[in-house]
Each structure stands twice: as structure tokens, then as C-alpha cells.
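>>> I would like the atomic coordinates for the input below:
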Amino acid sequence: MQTFIQKTFNIGELKGLSAKNLEEHLKLYAGYVKHTNLILEKIGEYMVDAEKNVYVIGELHRRFGFEFNGMRNHEYYFKSLEGGTKKLSEDSKLMFAIKKDAPSFDTWLSGFKTLAMTRGIGWAVLYWDKQTGQLLNAWIDEQHLGQLNGLDWILGIDMWEHAFIYDYPTSEKKKYIEAFFENLNWEVIEENFKKAQ
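Down below sits the predicted model:
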């Protein structure tokens, strides 16, 4: 089976998000890549006697979803911070799609930030549903519970404490959300949307 490779990201200095927090967050991402590969390796080893190891294999597969989604979610997240802050163009396809479903971009963004304030650990994600031609906001518990099947990831913000704990106490995670959007490269998000269509 093909090994997953840890990606590198060209992220410059961020406003409101320290180099220390970013460094620690990237280490966590590296762990997800490592454990995704390790679980696949172990599944292969236990498959030599699948009947004897059926329960162990089942539990490894259960854990695989957590590690794999942790890896991929972070790849989307870090990619969206590359290249410096860039605004979403008023005449972009994504802006048009957002305004089709929301009264305004600002109204949609306010709602998305509210979603990100959901209590608990997880991710706020903007998806594209090809079947209905609409954008959908969703909350993902942890890394993997609540992913919307068959939909493409457009934008996501990591709302685990590790994403901001070196810069903000948990009671101030709203400041982290604002800092994330201050640093977001909307051109990357627009490219995600184009690929999804």
C-alpha cells in the first residue's frame, strides 16, 4: 500500500498566531501522518491471520478514520494559510455561490464564525454539494464524526485547543477565529471551490 507523505507548507509570519503555536501545530499534523501509515502497516500484519485478529483489525480500522481525517483536515487548514492574506474577489465563483444562499458575504461569514464557536473539540467546515449545487456549513466532532459524505471540503478551521492555546486561553477562542480569518488566503479557498465543481 502507498505510504502517505508529510507535506510541507510555506506559511509566513501570521497576525495574531505565533510561530510557536504554528510550530507545535505542525508537529501534531506530522503525528497524524505517522500514525495513519503505522495503522495501515499494522492492519497488513494482522491480515496474515484475519480470522484470528478480526477484532484487532476492526479497532485499527476505527482508529484509521480518526488519524487519516486528522491528517487531511490539517492539510486543508495549513494550505489555506500559505501565500499571505488575500481577500475573496467580489466577482469570484465562490462569492457568487455564497451570496446565492446567504443575504450577504458578511452574513454568511458571521454564521460560519458562530459555527466555529460550537462547544467542544472539532472543526467548522464549509462544503460543496455537487448534487444540489449548494454550499453547506457543518461541525465535525474531533476529526471525523460528522463529515458529510460525498461533499467536497472548501474551507475549514481547526477548533481544537491545540490550534490556538499558545496564543489565547480557551475562553478567548473567538480571538483565534478572528486571527484565522485575518490570515486566510481566500485564493486557496476559491481554488478548492473551482476543483469541487
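>>> quick one, phi/psi of the residue located most distally from the centre of the chain?
Distance from the C-alpha centroid of the chain, by C-alpha atoms, centre = their mean, peaks at Lys52 (36.3 Å). Dihedral angles of Lys52 (phi, psi; degrees, to the nearest 10) stand at phi -70, psi -30.
>>> residues in contact with the residue nearest the centre of the chain?
Using C-alpha atoms, centre = their mean, the residue of the chain that lies closest to the mean C-alpha position is Asn73, 3.2 Å off. By C-beta atoms under 8 Å, 6 or more residues apart in numbering, the residues touching Asn73 are 123, 140, 143, 156, 158. For glycine as for every other residue, the C-beta is placed from the backbone atoms N, C-alpha and C.
>>> at 10 Å instead, please
29, 32, 122-123, 125, 140, 142-144, 147, 153, 156-158, 160 (C-beta atoms under 10 Å, 6 or more residues apart in numbering).
>>> can you check Leu136 too?
101, 125-129, 148, 151, 154.
>>> So which of those sit within strands?
Those of the contacts of Leu136 mapping onto strands are 125-129, 154, per DSSP state E.
>>> Looking at the contacts of Asn73, which one is closest to Asn183?
Ile157 (11.0 Å; C-beta to C-beta).
>>> picking that back up, name only those of the contacts of Leu136 that count as buried.
In those, burial by neighbour count holds for 125-128, 151, 154, counting by 16 or more other C-beta atoms under 10 Å.
>>> Where is pLDDT lowest across those?
Taken together, the buried ones among the contacts of Leu136 show their lowest pLDDT at Leu151, with 95.
>>> Go ahead and confirm that residue touches Gln131.
Yes. Judged on C-beta atoms under 10 Å, Leu151 makes contact with Gln131 at a distance of 8.8 Å.
>>> sorry, back to before: put together CSV for the buried ones among the contacts of Leu136, with distance to Thr118 on each row.
As requested, those are exported to CSV (distance: C-beta to C-beta, whole Å):
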residue, distance to Thr118
Val125, 11
Leu126, 14
Tyr127, 16
Trp128, 21
Leu151, 18
Ile154, 18
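>>> Between all of the residues you listed, which two are at the greatest distance?
Val125 and Trp128 (10.7 Å).
>>> Please enumerate the shared neighbours of these two.
Listed as contacting both Val125 and Trp128 by C-beta under 10 Å, 6+ apart are 136, 148, 151, 153-155.
>>> domain ranges for this protein?
19-79, 93-196 (automatic domain parsing).
>>> Kindly reformat these as JSON lines and extend each row with distance to Gln2.
Below are these laid out as JSON lines (distance: least, C-beta to C-beta, whole Å):
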{"stretch": "domain 19-79", "distance to Gln2": "9"}
{"stretch": "domain 93-196", "distance to Gln2": "21"}
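>>> where exactly do the helices run in the protein?
Under the criterion DSSP state H, the chain contains helices at 19-46, 54-79, 93-101, 105-116, 173-183, 186-196.
>>> okay, the closest residue to Val56 other than its chain neighbours: pLDDT?
Using C-beta to C-beta, 6 or more residues apart in numbering and skipping residues adjacent in sequence, the residue nearest Val56 is Tyr46, 5.5 Å away. pLDDT, Tyr46: 95.
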